[in-house]
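Student: below is the sequence, then the predicted model.
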Amino acid sequence: MKRLHVLAWLAAFLPAACVTQSPLPSYECATPADEAAAADITMTAQDAVIEAAPGVFFHAWTYDGDVPGPVLRIPLGETRTIKLRNDSPRPASLHFHGVSYAETDDGTAEHPESIVNPGCAHIYTVEAVQPGVWPYHSHVEPRSEMAMGLHGAIVVPDPAEAAADHEYFVYLGQLGLEEGEEGGEEEEEGEGAGGSVFYMTINGRPGTAQVIELEGNSYVVSEGMANAQVGDLVRWRVVSVSPDDVHTFHLHGHRWCDRGGVMVGGECPAGTLPTDNEDIFPAQGISLEYVEDAPGHWMFHCHIVDHVIDGMMAMYHVDP
């Protein structure tokens, strides 16, 4: 007899006094006044079912209902207040890399006032003190949370950067934990899912058609393909949000300078070298740029081939 059928049989035939249920957890809000307080940015931790691939659905833990969470853009030297509301059934937080904040906004169990329990809210105050590409994620159980979707990013642009014709953002991440890893959800349902769902992803999907591009001062998610034209200044911001895996960023048919600067005539500024493939460790980010000179239809992906097989690739089109 299957386990669920056994449990149903026991519930029906044992005396009611012998059948007990574990009570639901009871939570208190560490910073109750933050729910009504004003903030520059408000985000919500919530569970959502996303279509990971055609007919395959993933029960994600999200910021604002999708994976990945929003890309925040904060000018160097400026401060933002960020409110996290928690509509999920479990505690969550925001833990920021690369920006400055008080220890009471660390988002870790060591600072419980910065953990947001279900039905509660907390306002985090961060200051952009260094240009770069920085992840944020929940830090209650970060390995599971990052794999289930609770991650996003902050861009602090370098004031010396020229305005790009196209600026794309790329998350290198995953949905779920591989079979045999601890901490993952056991079953995800969907037509053709066939058990647990695990993918390596770009912008939250395998073989992605999701594009994140800077428009004005905001990063906008759209369906389609990254694109440019010969002569455009193209900038990519790339961050790794996998909890364990090293990734690389490789763009076919293109080169850039490994420590910043724009390649001109095949040459990089002094102290930098041309590259077309860069290592990105977990929770690290990079920026790269070039003047487009390669018309065609190009793949970009992680160059760890197992990760490509698991879905970490997408396409980029360049018009002459």
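Tutor: Sure thing, it's come through. Predicted, not measured: the structure shown is a model, and the values here were computed from it. Residues are numbered from 1 along each chain as shown.
Student: helices or strands up against the longest strand that the chain contains?
Tutor: With DSSP state E setting the assignment, residue counts place strand 41-53 as the longest strand in the chain. On a contact count with 3 or more CB pairs under 8 Å, 6 or more residues apart in numbering; DSSP states H and E, strand 41-53 meets strand 56-63, strand 79-86. Any C-beta I mention is one placed from the backbone N, CA and C, and that applies to glycine too.
Student: got any ranges where the stretch 101-250 of the chain has weak pLDDT?
Tutor: Scanning the stretch 101-250 of the chain for pLDDT under 70 picks out 180-195.
Student: what are the boundaries of the strands in it?
Tutor: 121-127, 132-137, 151-156, 166-175, 199-202, 210-215, 218-223, 226-229, 233-240, 247-251 (DSSP state E, counting those that start in this stretch).
Student: mind putting those strands in TSV, mean neighbour count and distance to residue 32 included?
Tutor: What follows is these, written out as TSV (neighbours: other CB atoms under 10 Å; distance: least, CB to CB, whole Å):
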stretch	mean neighbour count	distance to residue 32
strand 121-127	22	8
strand 132-137	24	23
strand 151-156	25	25
strand 166-175	25	33
strand 199-202	25	36
strand 210-215	18	35
strand 218-223	13	31
strand 226-229	18	44
strand 233-240	24	33
strand 247-251	22	40
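Student: list the buried residues of stretch 276-283.
Tutor: 276, 278, 280, 282-283 (16 or more other CB atoms under 10 Å).
Student: re the thing from before, from the helices and strands packed on strand 41-53, which stretch is densest packed?
Tutor: Greatest average neighbour count among those goes to strand 56-63 (a mean of 22), per mean count of other CB atoms under 10 Å.
Student: which elements pack onto the helix or strand following that one?
Tutor: Where DSSP states H and E defines the elements, the next helix or strand beyond strand 56-63 is strand 71-73. Applying 3+ CB pairs under 8 Å, 6+ apart, one finds that strand 71-73 makes contact with strand 151-156, strand 218-223.
Student: so which of these comes closest to residue 53?
Tutor: The closest of those to residue 53 is strand 218-223. By CB to CB, the value is 14.4 Å.
Student: what would the helices and strands packed on strand 71-73 look like in CSV with distance to residue 35?
Tutor: As requested, these are arranged in CSV below (distance: least, CB to CB, whole Å):
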stretch, distance to residue 35
strand 151-156, 21
strand 218-223, 25
